[in-house]
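K.L.:
Sequence first, then the predicted structure, then my questions.
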Amino acid sequence: MNVFIVYAHPSGDSFTRRIRDRFIEGLEHAGHCYTLSDLYRMNFRTDMDEDEYRREAYYRLEDPVPEDVRREQENINRSDAIVFMYPVFWSDVPAKLKGWFDRVWTYGFAYGPQNDGRRSMKQLEKGLVICSAGNTLDYFRETGLLESMERIMLNDRLHDRVKTRELVILEATSRENSSREENWDRHLDRVFSLAVNI
């Protein structure tokens, strides 16, 4: 399977980075191929310029998308699955990844009429969201934030763009959490298994 990983973490020395590397080990172990976009390392521009806004606001398919956006869209269409990896910031993705969606999910690619052939993003087999979170799953459930996170990532951003979709929260990973290191091996084993069985 060809897997496109969209990774967003500002630090090169984070547990999320270990998660990403372990996931890649699992892909390689199972014989899968992958492409990685490390949004911070590649300094992906996240804010739309005025031309991009006009294209999206007025549904102007004749206006070209920027080269960096086109490359990300090509990565998607060469893949069978897309995987998003990031730390939870205020119950959502980091701003860098939010901007990626703003710019890459363009009209005529990720949304727009399907029945007239103007939507060029292929439907992927799998969409997987793996995020590290300081809080526990119980906290996310009790506050209603888990449902909100699932709705935004799975029902809005991924929606019908993938056939099957899953949100995996690796809980209690913040530095002040006393059980952080106890959870590491369990989380790393889980992402390895997710990669092998994608």
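P.N.:
Arrived safely.

K.L.:
my read is F140 is in a helix, agree?
P.N.:
Yes. Counting by DSSP: H, G, I helix; E, B strand; the rest coil, F140 is located in a helix.

K.L.:
Now do the contacts for it.
P.N.:
With contacts defined as C-beta atoms under 8 Å, 6 or more residues apart in numbering, F140 is in contact with 91, 133, 146, 149, 169, 171. Glycine gets a C-beta too; all of them are placed from N, C-alpha and C.

K.L.:
quick one: pLDDT of S179?
P.N.:
Here, the pLDDT recorded for S179 equals 58.

K.L.:
same deal with the one 3 residues further on?
P.N.:
Among the per-residue scores, E182 holds a pLDDT of 71.

K.L.:
Next: H187.
P.N.:
So H187 comes in at 89 (pLDDT).

K.L.:
what does stretch 191-198 contact?
P.N.:
By C-beta under 8 Å, 6+ apart, the list of residues contacting stretch 191-198 reads 1, 3, 19, 22-27, 29-30, 32, 81, 83, 126, 128, 130, 168, 170.

K.L.:
Next, count neighbours for R17.
P.N.:
16 (other C-beta atoms under 10 Å).

K.L.:
Tell me which helix or strand it sits in.
P.N.:
In the assignment (DSSP states H and E), R17 maps to helix 15-30.

K.L.:
Next secondary structure element downstream of that helix?
P.N.:
strand 33-38.

K.L.:
tell me what that next one is packed against?
P.N.:
strand 2-7, helix 15-30, helix 67-77 (3 or more C-beta pairs under 8 Å, 6 or more residues apart in numbering; DSSP states H and E).

K.L.:
Tell me the helix or strand right after the last one.
P.N.:
Downstream of helix 67-77, the first helix or strand assigned by DSSP H and E is strand 81-87.

K.L.:
angle of that next one against strand 2-7?
P.N.:
20 degrees (axes from the mean of the first three to the mean of the last three C-alpha atoms, to 10 degrees).

K.L.:
mean confidence score for the helix or strand following strand 81-87?
P.N.:
As assigned by DSSP H and E, the chain's next helix or strand after strand 81-87 is helix 95-104. Per-residue pLDDT over helix 95-104 has a mean of 98.
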